[in-house]
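J.: coordinates only, sequence not included:
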Ligand SMILES: *[C@@H]1O[C@H](CO)[C@@H](O)[C@H](O)[C@H]1NC(C)=O
Ligand SMILES: *[C@@H]1O[C@H](CO)[C@@H](O)[C@H](O)[C@H]1NC(C)=O
């Protein structure tokens, strides 16, 4: 499976610029790095990604027998206090306290005094059943982690192991999975807290463990995971994207949001209210100096691009048993099928071609807002709304077939062990994503960027086949939100 070609592509993926910067500053449409610089970078990255994490993983590997902790651990079962508040609170709302500690679901929970932040905790059902907490971790800090689980009103502690994802791009912090086996004394924990180094360090809150039961059926076909939104103000682009997702057959969008202006917030609130959007507060900047990019030397910081990678991984696990597929992409990207209209029709076609045990990758095509505009679908009513009418841009920059072009993926989340910006790092069956032929579907990336003069742009009017429906839908939302 890991042919040489695939392996090289994997490395070249490191060269692709993160594309989700919403800043209005015009950037180049093309990747910036030269192949030979890339090689050097690769060697360094390889050592720090593969060799160092291995060693760190070994450190966290030794498992210890689970044992109850706290004042009750020597009591016989009959002496145990009544389970405190494991049941739902009033009106069926989630309990506010379990095992006498408050419930705090995050998504950023600091581990004691350590440079570790837990995003979300999930039951891993696929190999050995265990609890997997997705975290952001300082990679050089040696820590032994423990899970404290609340089990029928009793604290049970067990030593964790952890592994750091290889796509940390050499930043001090990386994405990590902290894993704890279920213990025989606790087969159905409901809440977990991660603690470090020694058990005496007391925990101050519990996080709800999600995905405890696998539902009988998936309630969603497609979920789009958008990581991350910061300094965002392009109301029109946002509504266009949301309505295009609907037209493509998407039922849920998840946005990890750091910051946006009040007009954007109004739109987000509108979609949250309709149930189409889940908004997850992404406050990583309060704790960690995030980088604006993926190259430490160019964009200094302690964590790759606003913590995009841990957010994506959290989204995959959050929707693992809710959604048939998740799309890991940005708000200015549209994966459009060329021969059918929706993802609902496209995905069965792809599964027929490639099987249903792989993910699918779609090649990036940039439609620069600096190109000539086509005014067929000009909307006077939209003119005062901040953002861009994407229907005016139907010229794309030709992709260099000899150069690696960015991709984004649509995957069955149940195949994914570790996700990254442009694909997957680890899957349950070792199969990586397959490239979808660009006469079947491709990614339309509509953004403000500069391209070399003299570039012969290619006219591509695929987006226009959605124009009538899109205009109707966007106009309605603009009206409902009071923009027009
Ligand atoms: C669980 O541990 C925490 C922190 O050590 C403690 O505050 C709490 O009372 C314990 N709960 C129970 C039920 O023992
Ligand atoms: C989900 O996809 C199936 C086809 O695979 C389709 O019949 C169904 O209508 C879709 N559900 C929604 C809500 O779009």
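T.: Everything's here; your move. All of these numbers come straight from a predicted model, not from anything done at the bench. Ligands and ions are numbered 1, 2, ... in the order given.
J.: return the residues in contact with the residue of the stretch 151-300 of the chain found nearest ligand 2.
T.: Per CB to the nearest ligand atom, residue 221 is where the stretch 151-300 of the chain lies closest to ligand 2, at 3.7 Å. To be clear about C-beta, it is placed using only N, CA and C from the backbone, and glycine gets the same treatment. Applying CB atoms under 8 Å, 6 or more residues apart in numbering, we find residue 221 in contact with 249, 250, 251, 323, 324, 325, 343, 344.
J.: let me know the pLDDT of it.
T.: Looking at residue 221, its pLDDT is 98.
J.: assign a three-state SS to it, would you?
T.: Assigned by DSSP: H, G, I helix; E, B strand; the rest coil, the conformation of residue 221 is strand.
J.: what about stretch 283-302, how long is it end to end?
T.: Start-to-end span of stretch 283-302 (CA to CA, to the nearest Å) is 15 Å.
J.: contacts for that stretch?
T.: 14, 17-18, 21, 108, 110, 117, 136, 169-173, 230, 258, 303-307, 310, 421.
J.: check the gap between residue 374 and residue 390 for me.
T.: 11 Å (CB to CB, to the nearest Å).
J.: so for those two, which residue has more residues nearby?
T.: When residue 374 and residue 390 are compared on other CB atoms under 10 Å, the one with more neighbours turns out to be residue 390, at 23 against 15.
J.: low pLDDT regions in this protein?
T.: 1-26, 31-93, 198-201 (pLDDT under 70).
J.: okay, which residue is most central for it?
T.: Nearest to the geometric centre of the chain sits residue 312, at 1.1 Å (CA atoms, centre = their mean).
J.: got the residues of this structure near ligand 2?
T.: 221, 249, 251, 344 (CB under 6 Å from any ligand atom).
J.: drop anything exposed from these.
T.: Buried members of the residues of the chain next to ligand 2, counted by 16 or more other CB atoms under 10 Å: 221, 249, 251.
J.: so what's the nearest residue to the last one once chain neighbours are set aside bridging to?
T.: The spatial neighbour of residue 251 that comes closest, neighbours along the chain excluded (CB to CB, 6 or more residues apart in numbering), is residue 220 at 4.5 Å. Counting by DSSP bridges, residue 220 forms beta bridges with residue 323.
J.: could you pull up the residues touching residue 220?
T.: 251, 252, 319, 322, 323, 324.
J.: what does the stretch 201-350 of the chain have sitting close to ligand 1?
T.: 202, 203.
J.: now the helices: where do they sit in the stretch 201-350 of the chain?
T.: Per DSSP state H, counting those that start in this stretch, the stretch 201-350 of the chain carries helices over the ranges 235-248, 262-274, 308-318, 343-354.
J.: mean neighbour count, those: which tops it?
T.: helix 308-318 (a mean of 27; mean count of other CB atoms under 10 Å).
J.: check which helices and strands it sits against.
T.: Applying 3 or more CB pairs under 8 Å, 6 or more residues apart in numbering; DSSP states H and E, one finds that helix 308-318 contacts strand 116-124, strand 130-138, strand 173-181, strand 220-229, strand 252-257, strand 323-329, strand 416-420.
J.: strands paired with the third one, and their directions?
T.: It refers to strand 173-181. Looking at strand 173-181 with DSSP bridges, what it pairs with is strand 130-138 (antiparallel), strand 161-164 (antiparallel).
J.: that one vs strand 416-420, what angle?
T.: 170 degrees (axes from the mean of the first three to the mean of the last three CA atoms, to 10 degrees).
J.: how far does the helix or strand just after strand 173-181 sit from the chain's center?
T.: Downstream of strand 173-181, the next assigned helix or strand under DSSP states H and E is strand 191-196. Offset of strand 191-196 from its chain centre (CA atoms, centre = their mean, to the nearest Å): 22 Å.
J.: again with stretch 299-310
T.: Counting by CA atoms, centre = their mean, stretch 299-310 comes out at 13 Å from the chain centroid.
J.: ok, now stretch 156-163?
T.: That offset, for stretch 156-163, works out to 24 Å (CA atoms, centre = their mean).
J.: anything in it near ligand 1?
T.: No: if you take CB under 6 Å from any ligand atom as the test, stretch 156-163 misses ligand 1, and the best it gets is 9.0 Å.
J.: could you do stretch 101-118 as well?
T.: Yes: Stretch 101-118 lies within reach of ligand 1 by CB under 6 Å from any ligand atom, at residue 101.
J.: buried ones in that stretch?
T.: Here stretch 101-118 shows 101, 103, 106-109, 111-112, 114-118 as buried, counting by 16+ other CB under 10 Å.
J.: those residues: which two are farthest apart?
T.: The most widely separated members of those are 103 and 115, with 23.6 Å between them, by CB to CB.
J.: check which helix or strand covers residue 479.
T.: helix 467-480.
J.: packing partners of that helix?
T.: Using 3+ CB pairs under 8 Å, 6+ apart: helix 467-480 touches helix 235-248, helix 262-274.
J.: against residue 395, how distant is residue 338?
T.: Distance from residue 338 to residue 395, by CB to CB: 17 Å.
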